[in-house]
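S.K.: After the sequence you'll find the predicted model.
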Amino acid sequence: GESVGLHLPTLSVQEGDNSIINCAYSNSASDYFIWYKQESGKGPQFIIDIRSNMDKRQGQRVTVLLNKTVKHLSLQIAATQPGDSAVYFCAENMFNNNDMRFGAGTRLTVKP
Amino acid sequence: ETGVTQTPRHLVMGMTNKKSLKCEQHLGHNAMYWYKQSAKKPLELMFVYNFKEQTENNSVPSRFSPECPNSSHLFLHLHTLQPEDSALYLCASSQDPVRGTFYEQYFGPGTRLTVT
């Protein structure tokens, strides 16, 4: 069936470097994509979203890129900080649909 | 704080017990969700409620029974669970997507459930 998956289960970066977390999706009908961050002992927290009619969206220190041609989503974190250490999930869903599908998650570790 | 609270935060129960998980949202949302998060597995959607009506049940075993008395509260009643049901159970809420807007889901901290 259609699913959302992550390329890398773990990512380790040096503090101050930029991080890139990737996600592949297979449902070409998906309209909406979200990145969530989950710290230990907490629920997922919204970071940034993007609609399918866009290919880039920027937030504070984060940028999401969407490549619909290859069904690829990425999250870029600038100047990664220790507080960015967490598991990052991508999620997809379709317009007017409650069913949000999540990827497996990537664990980001920031080394001081 | 996300505006979604869950109690208890930790629960240990035997396979013959009956317990309930509670979720409350203070965001004025009309949609609420239960998810299961197991180790090394993606978040699994279990149930969806829109305006107190259940709109989705993702083939969840009947030993899990949801209840949504109003748009702010959601319960998950548990009975005769199995050890493989041990997981983090997350509640979320969102605006009602039927209105035609994209939305994000706001998650609670979860209940860590251990079935012995």
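M.R.: Now that the structure is in, tell me what you want to look at. Numbering: from 1, shown residues only, chains lettered A, B, ... in the order given.
S.K.: in the chain, which spans are strands?
M.R.: Using chain A here. Counting by DSSP state E, chain A has strands at residues A:4-6, A:10-14, A:19-25, A:32-38, A:45-51, A:56-58, A:62-67, A:72-77, A:86-93, A:101-102, A:106-111.
S.K.: wait, I meant chain B there
M.R.: Under DSSP E, chain B gives strands at B:4-7, B:10-13, B:18-25, B:31-37, B:44-50, B:53-57, B:64-70, B:73-79, B:87-94, B:106-107, B:111-115.
S.K.: how about those in a markdown table, adding mean neighbour count and mean pLDDT?
M.R.: All C-beta atoms are positioned from the backbone trio N, CA, C, and that covers glycine. Below are these laid out as a markdown table (neighbours: other Cβ atoms under 10 Å in any protein chain shown; pLDDT from 0 to 100):
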| stretch | mean neighbour count | mean pLDDT |
| --- | --- | --- |
| strand B:4-7 | 18 | 97 |
| strand B:10-13 | 14 | 96 |
| strand B:18-25 | 19 | 97 |
| strand B:31-37 | 24 | 94 |
| strand B:44-50 | 20 | 90 |
| strand B:53-57 | 12 | 79 |
| strand B:64-70 | 15 | 94 |
| strand B:73-79 | 19 | 96 |
| strand B:87-94 | 24 | 95 |
| strand B:106-107 | 24 | 94 |
| strand B:111-115 | 18 | 96 |
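S.K.: Adding mean pLDDT, mean neighbour count and distance to residue B:72, write the strands of chain A out as a markdown table.
M.R.: Formatted as a markdown table, the strands of chain A follow (pLDDT from 0 to 100; neighbours: other Cβ atoms under 10 Å in any protein chain shown; distance: least, Cβ to Cβ, whole Å):
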| stretch | mean pLDDT | mean neighbour count | distance to residue B:72 |
| --- | --- | --- | --- |
| strand A:4-6 | 44 | 19 | 30 |
| strand A:10-14 | 94 | 13 | 38 |
| strand A:19-25 | 94 | 20 | 32 |
| strand A:32-38 | 94 | 23 | 23 |
| strand A:45-51 | 94 | 17 | 20 |
| strand A:56-58 | 97 | 13 | 31 |
| strand A:62-67 | 98 | 18 | 31 |
| strand A:72-77 | 97 | 20 | 32 |
| strand A:86-93 | 92 | 23 | 23 |
| strand A:101-102 | 88 | 23 | 24 |
| strand A:106-111 | 94 | 17 | 33 |
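S.K.: I am finished for the moment; much appreciated.
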